[in-house]
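S.K.: build me a model from this:
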Amino acid sequence: MNVIVNGAAGRMGQHMCRVLEEAGVTLAAAVDRAGGDGIYTSLTDYTGPADVVIDFSNHASAKELADYCVSRKLPLVAATTGYTPEEFACLEAAAQSVPVFQSYNMSVGVALLARLVKQAAAIFGGCDVEIVETHHNRKADAPSGTALLLADAVKEKRPDAEYVFGRSGQHKRQPNEIGIHALRMGNVVGEHEVIFATDSQTIRLKHEAHDRALFAEGALAAANFVVDQPAGFYHMDDLLGP
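M.R.: Next comes the predicted model:
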């Protein structure tokens, strides 16, 4: 498999290139606007052999990324966070022509957590739900895409749920709220905890990332999956299977 890594000079892009090398997978091209030794500064500069694009760049490049993959008929693994609705729409449009795998968190463990969260939300329908996520102090977007992914997992079973981002002031918690809280400190790779509480018991489901390489490993698993799929929009739940 020949892989183009977009955002190759960034922290996650470097992890991705290293994971590909360790797995014996061909790095067809490393692309990053910052440039560097052996790095293309634009996707369109590379026209050589490729089977899939893995993107760890910036959400603002969504249209350029989508256009490139459609023009070359290449599957895409979109592993970036922070998409605006307009940017996300570019990925959805591309999925009409090529397979697009998108996840706000490429960890297979987080995908499993989301599945467990969905099951818990179905069983404990009337409980209070709170989500707490912690990341390093350099992360720009809050709440994290993963926190929103987990909130969406709850909302799938509780359609009337409303997201509340942090709390302040004097007002009572409403039964249909999903509280989402973001902590930014130190060099935390990523921690996500979903808390289900009733008057008589509490369940806590938590995932902790110890090394950023786990996201690159998940992106490689996604690439191996998506190259064999028809055009469409795919997520981690598709990778996990039934």
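S.K.: and the nearest residue in space to A213 that is not next to it in sequence, which of the three is it?
M.R.: Counting by Cβ to Cβ, 6 or more residues apart in numbering, A213 lies nearest to H15, which is 5.1 Å off, once chain neighbours are set aside. The C-beta positions use only the backbone N, C-alpha and C, and glycine is treated the same way. Judged by DSSP: H, G, I helix; E, B strand; the rest coil, the three-state class of H15 is helix.
S.K.: wait, H15 sits on L214?
M.R.: No: in this structure H15 lies outside contact range of L214 using Cβ atoms under 8 Å: 9.1 Å.
S.K.: tell me the centre residue of the protein?
M.R.: Most central in the chain under Cα atoms, centre = their mean is Y104, positioned 1.6 Å from the mean C-alpha point.
S.K.: wait, what's in contact with that residue?
M.R.: Y104 makes contacts with 81, 144-146, 148-149, as judged by Cβ atoms under 8 Å, 6 or more residues apart in numbering.
S.K.: ok, which stretches of this protein are strands?
M.R.: Listed from the start of the chain, the chain has strands (DSSP state E) covering 2-6, 26-31, 39-40, 52-55, 76-78, 99-102, 128-135, 162-165, 177-184, 190-197, 202-209, 232-234.
S.K.: quick one: closest of the ones you listed to V226.
M.R.: With Cβ to Cβ as the measure, strand 99-102 is the member of the strands of the chain nearest V226 (4.2 Å).
S.K.: which parts of the closest one are buried?
M.R.: Neighbour counts over strand 99-102 (16 or more other Cβ atoms under 10 Å) mark 99-102 as buried.
S.K.: next one: stretch 68-75
M.R.: 68-70, 74-75.
S.K.: of those residues, which pair is most distant in space?
M.R.: Put simply, by Cβ to Cβ the two of the buried residues of stretch 68-75 set farthest apart are Y68 and P75, 12.0 Å from each other.
S.K.: any common contacting residues for these two?
M.R.: V53.
S.K.: so for stretch 57-69, mean pLDDT?
M.R.: With pLDDT averaged residue by residue, stretch 57-69 scores 95.
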